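Undergrad: Only the shape, not the letters, is given here:
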């Protein structure tokens, strides 16, 4: 049975905060929102709301993924930001470390669907899956370990999209317990996936805001 062991709460240090937004760096191993049961109440949302009561969730990261998340302060800001995400007006970049040598840049457009008998796993489903698109760019190859650091820019936002798209082209992410073979899962102490860049128009001023938070791996 899954046992939730969130990282210690050492105090919230926002990447950015103003009257409209709160941007934070979610640590690996922390739920974005509370789960079911008192033992899963600790989350990025609850930690942010302990400091900023009006902060409302706009988007989520997987528990095993670290990186930038934005919260809207109040319902109007949450709605404006949610609409920007839905309209694909928000630019997101992730950094991952994958198995094997991945070169150049390209895109992955494998359709995805829930793997209902094995939830929360998802699966590539050519016939019934939802359209899903990820752009990628290789950053660095480590020949000694046969691993590649890669930038991932999702266009759609399906659950486990980046994990499945990398696995689907033969380069699973290190530390991925769901989709990587055992040796690659064991190749890192955590999922090596981090949301390092977030860019959007400020919902009040319309100024372009860009935040960067380097990967801890």
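TA: Great, that's in hand. The structure presented is a predicted model; accordingly, all values stated were derived computationally and were not measured. Residues are numbered from 1 along each chain as shown.
Undergrad: Can you give me the distance of the residue nearest to the spatial centre of the chain to residue 144?
TA: Closest residue to the average C-alpha location of the chain: residue 61 at 4.0 Å, with Cα atoms, centre = their mean. With the distance defined as Cβ to Cβ, to the nearest Å, residue 61 ends up 30 Å from residue 144. Heads up, the C-betas are built off the backbone N, CA and C, glycines and all.
Undergrad: Residue 126 now?
TA: Between residue 126 and residue 144 the computed distance is 36 Å (Cβ to Cβ).
Undergrad: Pick out whichever of these two has more residues nearby.
TA: Between residue 126 and residue 144, counted using other Cβ atoms under 10 Å, the more crowded position is residue 126 (8 against 5).
Undergrad: Leaving out the residues flanking it, which one is nearest to the more buried one?
TA: Nearest in space to residue 126, with sequence neighbours left out and distances taken as Cβ to Cβ, 6 or more residues apart in numbering, is residue 111 at 6.2 Å.
Undergrad: I'd like the distance between residue 186 and residue 177.
TA: Remark: distance between residue 186 and residue 177 (Cβ to Cβ) = 10 Å.
Undergrad: Run through this structure and note the low-pLDDT ranges.
TA: 1 (pLDDT under 70).
Undergrad: how about it, which residue sits the furthest from its center?
TA: In the chain, the greatest distance from the average C-alpha position (Cα atoms, centre = their mean) is reached by residue 144, at 27.7 Å.
Undergrad: Shouldn't that one be within a strand?
TA: No. The assignment for residue 144 (DSSP: H, G, I helix; E, B strand; the rest coil) gives coil, which keeps it out of a strand.
Undergrad: Can you tell me how far it is from residue 172?
TA: The span separating residue 144 from residue 172 equals 19 Å under the rule Cβ to Cβ.
Undergrad: try residue 129
TA: From residue 129 over to residue 172 (counting by Cβ to Cβ), the distance is 19 Å.
Undergrad: Among the two, which residue is more densely surrounded?
TA: Set side by side, residue 129 and residue 172 show unequal neighbour counts under other Cβ under 10 Å, the larger going to residue 172 at 23 against 17.
Undergrad: Spit out the contact partners of the more buried one.
TA: For residue 172, the set of contacting residues under the criterion of Cβ atoms under 8 Å, 6 or more residues apart in numbering consists of 98, 99, 163, 166, 179, 180, 181, 184.
Undergrad: now, among those residues, which is nearest to residue 200?
TA: Of all the contacts of residue 172, residue 163 has the smallest distance to residue 200: 23.9 Å, by Cβ to Cβ.
Undergrad: quick one: the strands in the protein?
TA: Taking DSSP state E as the criterion, the chain carries its strands at 16-17, 21-26, 55-57, 66-73, 91-99, 105-108, 112-114, 122-124, 134-142, 147-154, 193-201, 208-212.
Undergrad: possible to save the ones you listed as JSON lines with mean neighbour count?
TA: Conversion of the strands of the chain to JSON lines gives the following (neighbours: other Cβ atoms under 10 Å):
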{"stretch": "strand 16-17", "mean neighbour count": "16"}
{"stretch": "strand 21-26", "mean neighbour count": "22"}
{"stretch": "strand 55-57", "mean neighbour count": "21"}
{"stretch": "strand 66-73", "mean neighbour count": "24"}
{"stretch": "strand 91-99", "mean neighbour count": "22"}
{"stretch": "strand 105-108", "mean neighbour count": "14"}
{"stretch": "strand 112-114", "mean neighbour count": "18"}
{"stretch": "strand 122-124", "mean neighbour count": "18"}
{"stretch": "strand 134-142", "mean neighbour count": "16"}
{"stretch": "strand 147-154", "mean neighbour count": "20"}
{"stretch": "strand 193-201", "mean neighbour count": "21"}
{"stretch": "strand 208-212", "mean neighbour count": "13"}
